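Visitor: Predicted model, plus sequence, below.
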Amino acid sequence: MKLHEIRDNEGANRKKKRVARGPGSGKGKTAGRGIKGQTSRSGVALNGYEGGQMPLYRRLPKRGFTAPNAKEFAVVNLGQIQSFIDAGKLDAKAPVTEDALVAAGVVRRKLDGIRVLAKGELKAKLDITVAGASKSAVEAIEKAGGKITVTVPAREVAAAE
C-alpha cells in the first residue's frame with residue numbers, strides 16, 4: 001500500500017442529500033415536506049404532538065413525588081474501603097474522613113456527604129467519620145474493632161432515602 005492508494009472504507013462517507021434542487025433529484029419542488037401545513041415550514045418542533053390525539057404524556061397518570069430538599073449521598077461499600085487499604089491508597093492507622101476518601105479516589109465527590117454501606121468484608125480496624133452509615137455497616141466496623149462517627153442525624157438520612 002502506498003500513500004496515494006489510501007481511501008476511506010466503503011460507505012464511510014456519504015454525499016449530502018441536496019433537497020429542492022430540481023425534479024431530477026427526486027427531492028425537488030417541496031423537498032420531501034409535502035404541501036403546506038405546519039411541518040412544511042421551517043422552525044417546527046412538534047415533540048410529543050400526536051396529530052390532535054391526546055398525547056401519551058397526558059394519557060398516563062402522574063405518580064410519586066420528588067422532595068425538593070432531598071439530600072444526595074455518595075455511597076461507599078466496606079469492601080471498597082478494604083480494597084483501597086489493601087492497595088495502600090488509604091491509611092488504616094489514620095482517621096478515615098470524607099476528605100480522605102475523596103483524596104484516595106474511593107469516591108469522586110462528597111455531594112451532601114458520604115454514606116457507608118455494608119457490602120463486602122472489612123478486616124482493618126478503622127476510625128471513620130462520615131455523614132451516614134447503614135446499621136449493618138456500623139455493626140461490621142465495630143465487629144472489626146473500629147469505631148464510626150456519623151455526623152448527619154439519622155432522621156435526615158431517612159428522609160433523604
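Guide: Happy to help now that I have it. Numbering: from 1, shown residues only.
Visitor: Helices of this protein, start to end?
Guide: Ranges of helices in the chain, per DSSP state H, are 56-59, 78-86, 98-104, 135-143, 154-160.
Visitor: Relative to the whole chain's centre, how far out is the shortest one?
Guide: Spelled out, that is helix 56-59. 26 Å (Cα atoms, centre = their mean, to the nearest Å).
Visitor: Show residues contacting that helix.
Guide: Applying Cβ atoms under 8 Å, 6 or more residues apart in numbering, the external contacts of helix 56-59 come out as Gly48, Glu50. Heads up, the C-betas are built off the backbone N, CA and C, glycines and all.
Visitor: one step back: deepest-packed of the helices of the chain, please.
Guide: helix 78-86 (a mean of 18; mean count of other Cβ atoms under 10 Å).
Visitor: got the angle for it vs helix 135-143?
Guide: 40 degrees (axes from the mean of the first three to the mean of the last three Cα atoms, to 10 degrees).
Visitor: same for helix 78-86, what does it pack against?
Guide: With contacts taken as 3 or more Cβ pairs under 8 Å, 6 or more residues apart in numbering; DSSP states H and E, helix 78-86 sits against strand 114-117, helix 135-143.
Visitor: try 10 Å
Guide: Under the contact criterion of 3 or more Cβ pairs under 10 Å, 6 or more residues apart in numbering; DSSP states H and E, helix 78-86 touches helix 98-104, strand 114-117, helix 135-143.
Visitor: Quick check, Glu139 in contact with Ala118.
Guide: Yes - if you go by Cβ atoms under 10 Å, Glu139 and Ala118 touch, sitting 7.6 Å apart.
Visitor: Please tabulate the helices of the chain in CSV, including the columns mean pLDDT and distance to Ser40.
Guide: Putting these into CSV (pLDDT from 0 to 100; distance: least, Cβ to Cβ, whole Å) gives the following:
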stretch, mean pLDDT, distance to Ser40
helix 56-59, 94, 25
helix 78-86, 92, 57
helix 98-104, 92, 55
helix 135-143, 92, 62
helix 154-160, 59, 50
